[in-house]
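Asks: Let's see this in three dimensions:
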Amino acid sequence: MDCFKDRIQLPRNMIENSMFEEEPDVVDLAKEPCIHPLDPDEVEYEPRSSRLLVRGLGEHEMDDDEEDYESSAKLLGMSFMNRSSGLRNNMSVYRQNPNESCSVPSTRTVVVCTVVLVIAVSLIMAIYLLPKCTFTKEGCYKKNHTMELIYPLATNGKLFPWAKIRLPPDVVPLHYDLVLQPNLTTLKFTGSVNIVVNVIQVTWKIVLHSSGLNITKATITSAGGHQAKPAEFLEYPLHDQIAVMAPEALLVGQNYTVNIEYSSNLSDTYYGFYKISYKDENSEWFAATQFEPLAARSAFPCFDEPAFKATFLIKIKRDEKLLTLSNMPKKATTPVTNGIVQDEFFVSLKMSTYLVAFVVADLKNISRETNGSLVSIYAIPQHLNQVGYALNTAVKLLEFYQEYFLIDYPLQKLDLVAIPDFQSGAMENWGLITFRETALLFDSNTSSARDKKLITAVIAHELAHQWFGNLVTMGWWNDLWLNEGFATFMEYVAMEEIFPELHSDEDLLNLIFKAMMKDSLNSSHPVSSAVQSSEQIEEMFDALSYIKGASLLLMLKHYLTKDVFQAGIEVYLHNHNYGSAQSDDLWDSMNEITNGTLDVKKLMKTWILHKGFPLVTVVRKRNVISIQQEKFLYHMEPENWTSDTSYLWHIPLTYITSSCNFTHCTNAYLLDQKSAVIELPEEVEWIKFNVDMNGYYIVHYAEDWKTLIDLLKKNHTALSPKDRANLINNIFNLASLGKESLEKAFELIDYLNKESSTAPLTQALFQLSHIYSLLEKKGEQQLAVRVMHLLGDKIDQQRWTDDGTLSERELRSMLLAFACTHDMRNCRATATEMFKKWMKSNGTMSLPSDVMKAIFIAGAKSSDGWEFLLKMYSSSVSEAEKSKMIEALATTEDVRKLIWLMQNSLEGKVIRAQELSHIISTVSQSLTGYLLAWDFVKENWEKLTRKFHLGSYTIQNIISLSTSQFATKAHLLEVKSFFESKSEESSQLRCVKEAIDTIQLNIQWMERNLAKLQELL
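Replies: Down below sits the predicted model:
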């Protein structure tokens, strides 16, 4: 046996932490001479990551989140002091014999050990019995009592004077002067920033953010002083923080200017100040920024938190042949050296760092003025003929928002720029909105009805942000929904008002259905959730912040009425403009308008602070309607289950009945108890709750499902298209939950051959294609085909043209693309014939844009067709056409081509890396590709997370899409094992937990329904 583990005993004046594998070195602040004085309440436990134990003074109690710190065995990137050899040599009274056996301790040793044990036990009892003492795993401490403290080490081995992820509140930025010189030949940039800060409490340090910057010099100048004094700076890369140490105390109320000079490389990810290569007449380089959420710090040292708003004066040195754009209009251009000029922009409004933006490139534009602001659309020269639709749309939307919010757009210009390689759809930088090309460029020959709707929606979303997010910003990322939920909500309000022909409300409906799927899993989170780490912040950019946030606002608007809701928004924007806000500020603004008639805060907190949503069960007996709420949850594992009472929503129910089913007959009832009874004035034939799906809940009609099924068969137009879609969604979800039979769900959609509206058909296609995919992967192809027979007639009815309403055209695109992918009906034969003619014309023949994707999918099934499509992809100048081509290329059944496609997109040479998640999504849907997609993700995990960042929306999509088709225990185990083998940051991602939940749900669904389906069909 091991007689002795070689461990060092800590001296008594050091903290003991039983969680350490080995005790780390300790710096005693009480004895060490301090480089800089530390304010007592600045000294905090450093959360989660690398730590160094320190002894010092603290005059406050610890926050709850600081109490939970992990083992410092994982001390990353820290330089440690050498252990004392004296301690090692005089460590124990026990000695080890050369022959590895243990010597017997002496009598003296036994006595000493007994005494020590008695003293130790007495001390522990005394600690537990001490009055007013909080005993935690960190030890016993009292309020206002000295306690042990933890500080990290900077890169140079000195003590870094701040341990929290959030910046200290002792200084705030007022203004930045930023000078940058990017070099598009060397792909590097140099920078200099002057930051004027105001001191809130006396300090010797200024802690701010910096990531990957090579800082060469730092100085501090006092407000009255003319002499910049050199300042020492310390770096702590783990938190992306630097500390500029003042040569003398910084005094309360005084302003100081911090100057920092630095250099860096243009990023090869999609974050920070990054480089893009594209082909024009020659190969060109393009530099652009993407700072949200945490990347401004990688372009210039700054206070990179949304609440630290300041003004910005930006100067950029560039090649005279290129163009620069920033948030504000250009003030002056001056020569610097031969061929280099400097553009200076006007001082910005007060704004957050993540909204700062600049672009350096060869761009062309068209412009139009509206209400004193110049609106311009910029693109690379070869795409200038595709920007007209965006300009008209942006001008109309800007005018609408100014009227709706009763606040003018506050800048003199608004630029919308199409970026050739861009990770997200768009970014709302104030005055300089950046877009992926497919989200801004419209080509009348190749852009479909769906493309037009996408462009309109993205512009509407980003323009709404100029008020929600830019003018009024969430105080911290936990309330991201205030930005994104509002912009999503306003995007649909604006589109319904200005572009009713686009039927955008149907899109919102389908997005809400998908968000509810995510929200029904154990891995979901409340809309407003506490976040700290960069991964947690990145993961807030998900369907819940955007779509659930928008859905809750839609529900509130209908409950309060349109005018009351709009008045509340106006109050909110006026009360908080140029500042920051929290969720409660919005509810308080609404309460100013409701004036005591309704407590909006009390109502909405039940939705914002709870994850998931309610299931409302309705039982009708004559004119008496019994209603009851519970949490809708797929996985009810005992250890994760919370009692029903903790999930009590205040639900603004709406309903219509057979006696009057028009919109003006909508009835409302607030269910704020577990159950209630509604008495109708008369007996009715049927009742339908959640009118037009304006509420965020699912309804179970118990015995009344049969009544509603009969209604749809006899007279489906008695309910609106949205209500019909809502019923289809609810019954399939209840079948998955086991509350209803799958047989009844199929019975409900029997009426579909009479259906002509897009919303219910889209929802039916979504539900059936999900079942089709699961059956196909299980090897049940014949059964899968029978599942889709309900939509067979609808597929046959589609024409291969671009005529009809936008809504009908969009449905045609979806149905034919699905049919051609899965070789249903005659779709592939018709499409292949059209593809051959197009190929024969060398791609010059015009194809109907709405069915173009279906034609390309059929063409890509043959090897020659696939190669021709790839060649056309490389030469096409229409981004709308290229997007359809890339999806078609990813539907091939040739394994080698699929692997080549994914690998090439990751490398970003022939196919841009921005397309990768789209390619993985398409590959993972097919029987040929779903295992390949997952293997690709596993093999390239490190490359993927380096390119797209852990927790980002792209990584969320890649994880969720590459695993969504799995429905076996073997795959479940494989996915779990893979992520457990990765870093803790990877395994703890919410999207990983969601992927695992989804696989478990698929397994459960197959176990419950496969035999029934075989019987049924």
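Asks: what's near enough to touch N327?
Replies: By Cβ atoms under 8 Å, 6 or more residues apart in numbering, the contact set of N327 is 312, 314, 345, 348, 351, 355-357, 411, 429-432. For every residue, glycine as well, the C-beta is placed using N, CA and C.
Asks: For it, give its distance to D415.
Replies: As judged by Cβ to Cβ, to the nearest Å, N327 and D415 stand 9 Å apart.
Asks: any chance of the contacts of N327 in a markdown table, plus pLDDT, distance to K396 and secondary structure?
Replies: Converted to a markdown table, the contacts of N327 look like this (pLDDT from 0 to 100; distance: Cβ to Cβ, whole Å; DSSP: H, G, I helix; E, B strand; the rest coil):
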| residue | pLDDT | distance to K396 | secondary structure |
| --- | --- | --- | --- |
| F312 | 98 | 29 | strand |
| I314 | 98 | 30 | strand |
| F345 | 98 | 27 | strand |
| S348 | 98 | 26 | coil |
| M351 | 97 | 25 | strand |
| L355 | 98 | 24 | helix |
| V356 | 98 | 28 | coil |
| A357 | 98 | 24 | coil |
| L411 | 97 | 18 | coil |
| N429 | 98 | 21 | coil |
| W430 | 97 | 20 | coil |
| G431 | 97 | 19 | coil |
| L432 | 98 | 20 | strand |
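Asks: Now do the SS call for E506.
Replies: Using DSSP: H, G, I helix; E, B strand; the rest coil, the secondary structure recorded for E506 is helix.
Asks: Surely it touches E808?
Replies: No - taking Cβ atoms under 8 Å as the contact criterion, E506 and E808 are not neighbours in contact, 11.6 Å apart.
Asks: The two - which one has more neighbours?
Replies: For E506 versus E808, the count of surrounding residues by other Cβ atoms under 10 Å is larger for E506: 22 against 17.
Asks: ok, now which ones touch the more buried one?
Replies: For E506, the residues meeting the contact criterion (Cβ under 8 Å, 6+ apart) are P721, K722, T758, A759, T762, S807.
Asks: Which members of those are the farthest-apart pair?
Replies: Across the contacts of E506, no pair lies farther apart than K722 and S807, at 12.5 Å, counting by Cβ to Cβ.
Asks: helix or strand for Q566, which one?
Replies: Assigning secondary structure by DSSP states H and E places Q566 in helix 562-576.
Asks: that older thread, between N327 and D415, which contacts overlap?
Replies: Any residue near both N327 and D415 by Cβ under 8 Å, 6+ apart counts here, and that gives G431, L432.
Asks: if you look at the contacts of E506, which of them are in helices?
Replies: By the criterion of DSSP state H, membership of those in helices covers P721, K722, T758, A759, T762, S807.
Asks: neighbour-wise, which of those residues leads?
Replies: The member of the ones in helices among the contacts of E506 that has the most neighbours, counting by other Cβ under 10 Å, is A759 with 26 neighbours.
Asks: low-confidence ranges in the protein?
Replies: Counting by pLDDT under 70, the ranges of the chain that qualify are 1-116, 118-149, 281-283, 635-646, 661, 663.
Asks: Go ahead and flag the most central residue of it.
Replies: Nearest to the mean C-alpha position of the chain, counting by Cα atoms, centre = their mean, stands F541 at 1.4 Å.
Asks: Three-state assignment for S986, please.
Replies: Using three-state DSSP, the structure places S986 in helix.
Asks: ok, it touching F979?
Replies: Yes - checked against Cβ under 8 Å, the pair S986 and F979 is within contact range at 5.9 Å.
Asks: what is in contact with those two at once?
Replies: When contacts are counted by Cβ under 8 Å, 6+ apart, S986 and F979 have V992 as shared neighbours.
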